[in-house]
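Student: Sequence and predicted structure below; questions after.
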Amino acid sequence: MNDAVGKKNLKLARTLVLVAVAMFGFGYALVPLYDVLCEWKWIERDRPDDIKKVPEVAYKVDMDREISVEFMTILNESTSMEFHAEKKQLKVHPGQYYTVNFYAENKTDKEMQARAIASFSPAVISSYFEKIECFCFSEQTFKPRETKTLPMRFVINPEIPEQYKTITLSYTFFDNTEKSVKK
Amino acid sequence: MSAVVDEHDHHADDHHDHGPAKGLLRWITTTNHKDIGTLYLLFALAMFFVGGAMAMVIRAELFEPGLQFVDPAFFNSMTTMHALVMVFGAVMPAFVGLANWQIPLMIGAADMALPRMNNMSFWMLVAGVLLLASTLFMEGGAPNGGWTLYPPLVLQPITVGKALPFAIFSVHLLGISSIMGAINIIATIFNMRAPSMKLMDMPLFVWTWLITAFLLIAVMPVFAGAVTMLLTDKFFHTSFFNAAGGGDPVLYEHIFWFFGHPEVYIMILPTFGVASTIIPVFARKPLFGYASMVWATGSIAFLSFIVWAHHMFTVGLPLAGELYFMYATMVIAVPTGVKVFNWTATMWKGAMTFETPMLFSIAFVVLFTMGGFTGLMMSIAPSDFQYHDTYFIVAHFHYTLVPASVFILMAAGYFWLPKWTGHMYNEKIGQLHFWISVVSVNVLFFPQHFLGLAGMPRRIPDYAVQFADWNMISSVGGFIFGISQLLFLYIVIDTIRGGTGEKVSDEVWEDAAKHSLEWTLPTPLPYHTWTTPPSVVPTEHVLDSH
């Protein structure tokens, strides 16, 4: 092949390498892009950390309805803890405030940073489940062998559609001591 | 050797024909597009049998309910490795091999644009696949969380012995290898064409590969990024996909399928190109709707970037997302339908003969369409909740890969081997190979539709007894299909070593030279071809659009 074509080939190859490198960057750009898109109203993402702290307001309590709230406590396999809720199930009236205590014990001889992640079933009710206080809002520090009482105060918005009679709330504790944390 | 190569580079214009270098070193240091094409094709054939052996383990274990031969973790390694080996070791390299052989011949170029990089991409592929295969012998076994490598499963100690970083580096190598191959193909097609060949004169195989090469450059780096994030999550305390650190495992699925959907078209577009090359020759008619074929290929490639979430309808997408991805996916049926109609119209009233390459191509048109129909079924988001992660999806993608991509690769072998080697293959054994394959492949995969609709999950070593009968039939089909591929191996070796001994003309197939340039060259092909570009290019394949 003559020199002119050789030069053209190299030039095109260089451009295409740049495109490939840019696409590698694009893969990483999808990470913040994903967070931005998930904040869009119409996407209505139902993710646990959408349940943000809300101020306590007085609702009219709906004594006619009773919803069963179940609590599940899960430990990620690498988390050396004891973790349970004070009760497994609670019958609640929409509009009324309740506090449930959870107990967590650090079973190691080291200080532990742990984070509980909440998950709902059915996921769609998450916008009616309002938490005033929750240990899952932030990372918890446990001294060696420390047992903590972790309160969670919530109310179910009386506007919750009729068909929901049981809500399952699960918390998973992750040992975050060695992992970096965003917040 | 490098001195020889340099000399060749400088004197390529003076018609002086060097033969290949002597000895084994020829194959390691070669920069000749035909040698590299051969290396790719033989490597892919070897990997086809390695991946096939893994499939045999899977079908043996599923022959009846209960655990028979292997433990569940190894079974899961087999499903994971079977997929990775077949996708990255067999189908993709086989098409790169065809591209290496055929693109320069079809566009009148002396070689690929960047011959040394070509050699490097091949050997990087070998390194990548060996690295992947090495994980089979590691403590804890090969990766067994599925070829999609979803976190958090793939990051948990129970699914990753020591193998994960090796698998990830292997993916990096395979990715770099395919990107270099793609760059080479684009540069060859843009810069090395015979001066008289315009873009819309190019054979469809060249067009489909041009578009595929752009897909490769666009998405392989994204996949490399996703697996790098897995690597840093596991070993460097990042939290891209770690919920406890503020990450989200669903994000991985989005990034993976942003790569993954174009990836499945990377395996099917060159298939379309080969089918569009073979069918007109045996129908003795120009390809129907050349221009619409080019545009349909381009549209499919474009759509592949905006439909990825149909692989993840069940993750809890917002309603707007479910609807958008459902309708966008259905749109793909339009350009794909254009192609199927064009192939059928090409055969319509053609003077057809049914040599082995044509048989495989016709089977491809029929069976690929079936794979397409099940794809359309699954694009309907509400019904996909039923099909998701069952044997229905296994049946779907195997129909689009085995009797489509793999059949067309076989067809390409039968079609071009006589030209490449100068020897005719044994038509009787070829036909036998076809008929056993086409029957057994349906016995193998068709019952999996029933299993999936009845609710049998994929990636399980044991199953409920009501699935026993169809699994046994599927396994029997699998064993016959697997063993019958040895016929193909025999034919390839036999043809290289002399075949039937029949004299092969330059055209090989009747009037083939009207369709494409390679048939105007002498048979067997000399080591160097088109050192001066052809002055006139055949236009039979574009007659319809002019």
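Tutor: Yep, it's here.

Student: Just say helix, strand or coil for A:Lys115.
Tutor: Heads up, residue A:115 is Arg, not Lys. Put simply, A:Arg115 is strand when judged by DSSP: H, G, I helix; E, B strand; the rest coil.

Student: Around it, how many other residues sit close by?
Tutor: 24 (other CB atoms under 10 Å in any protein chain shown). Bear in mind the C-beta positions are built from the backbone N, C-alpha and C, glycine included.

Student: for the one 5 residues further on, same thing?
Tutor: A:Phe120 sits with 19 neighbouring residues when counted by other CB under 10 Å.

Student: out of everything not next to it in sequence, what's closest to it?
Tutor: In space, and not counting its chain neighbours, A:Phe120 is closest to A:Ser126: 4.9 Å by CB to CB, 6 or more residues apart in numbering or on different chains.

Student: And chain A, split by domain according to the record?
Tutor: As assigned by automatic domain parsing, chain A contains the domains A:3-43, A:48-175.

Student: Out of these, name the one with the poorest average pLDDT.
Tutor: The stretch with the lowest mean pLDDT among those is domain A:48-175, at a mean of 84.

Student: I'd like the distance between A:Glu178 and B:Met56.
Tutor: Using CB to CB, to the nearest Å, we find A:Glu178 at a distance of 43 Å from B:Met56.

Student: More neighbours: these two, which one.
Tutor: Neighbours were counted for A:Glu178 and for B:Met56 using other CB under 10 Å; B:Met56 has more, 19 against 8.

Student: how close does the spatially most central residue of chain B get to chain A?
Tutor: Nearest to the mean C-alpha position of chain B, counting by CA atoms, centre = their mean, stands B:Val91 at 3.2 Å. From B:Val91 across to chain A, the span is 21 Å (CB to the nearest CB, to the nearest Å).

Student: Check the spacing between A:Glu77 and A:Glu105 real quick.
Tutor: A:Glu77 is 17 Å from A:Glu105, where distance means CB to CB.

Student: Between those two, point out the one with more neighbours.
Tutor: Taking other CB under 10 Å, A:Glu77 and A:Glu105 do not tie; A:Glu105 has more neighbours (14 against 11).

Student: quick one, phi psi at residue 106?
Tutor: Looking at chain A here, since you left the chain open. With angles defined as degrees, to the nearest 10, A:Asn106 sits at phi -80, psi 120.

Student: not what I meant, chain B
Tutor: phi -80, psi -20.

Student: check contacts around the residue lying closest to it once chain neighbours are set aside.
Tutor: Excluding its sequence neighbours, the residue lying closest to B:Met106 (CB to CB, 6+ apart) is B:Pro203, at 5.0 Å. Shown in contact with B:Pro203 (CB atoms under 8 Å, 6 or more residues apart in numbering or on different chains): B:106, B:273, B:277, B:515-517, B:541.

Student: The residues you listed in helices, which ones?
Tutor: With helices defined by DSSP state H, the entries of the contacts of B:Pro203 inside them are B:106, B:273, B:277.

Student: residues near residue 36, how many?
Tutor: All of this refers to chain A. 8.

Student: um, chain B though
Tutor: Neighbour number of B:Ile36 under other CB under 10 Å is 26.

Student: what's the answer for B:Asp233, then?
Tutor: B:Asp233 has 23 neighbouring residues, counting by other CB under 10 Å.

Student: Does the one helix or strand it maps to reach chain A?
Tutor: Using DSSP states H and E, B:Asp233 sits in helix B:204-235. Yes - counting by CB under 8 Å from any CB of the partner chain, chain A has neighbours in helix B:204-235: B:217-226, B:229.

Student: And those, which is closest to B:Gly245?
Tutor: B:Met229 (12.3 Å; CB to CB).

Student: does the closest residue in space to that closest one that isn't next to it in sequence count as helix, strand or coil?
Tutor: Using CB to CB, 6+ apart and skipping residues adjacent in sequence, the residue nearest B:Met229 is B:Phe240, 4.2 Å away. Under three-state DSSP, the three-state class of B:Phe240 is coil.

Student: B:Phe240 is in contact with B:Gly247, isn't it?
Tutor: Yes - at 5.0 Å, B:Phe240 and B:Gly247 qualify as touching, with contact defined as CB atoms under 8 Å.

Student: can you pull the contacts of residue 128?
Tutor: Defaulting to chain A. A:156-157, A:159-160, A:164.

Student: look at chain B instead
Tutor: For B:Gly128, the contacting residues are B:88, B:170-174, B:177, by CB under 8 Å, 6+ apart.

Student: pLDDT at it, what is it?
Tutor: Per-residue confidence (pLDDT) for B:Gly128: 97.

Student: where does it fall, phi/psi-wise?
Tutor: According to degrees, to the nearest 10, B:Gly128 has phi -60, psi -50.

Student: So it versus chain A, what's the distance?
Tutor: 16 Å.

Student: Please name the nearest non-neighbouring residue to that residue.
Tutor: Computed as CB to CB, 6+ apart, the closest residue to B:Gly128 that is not its neighbour in sequence is B:Leu173, at 3.4 Å.

Student: Nice, that's everything, thank you.
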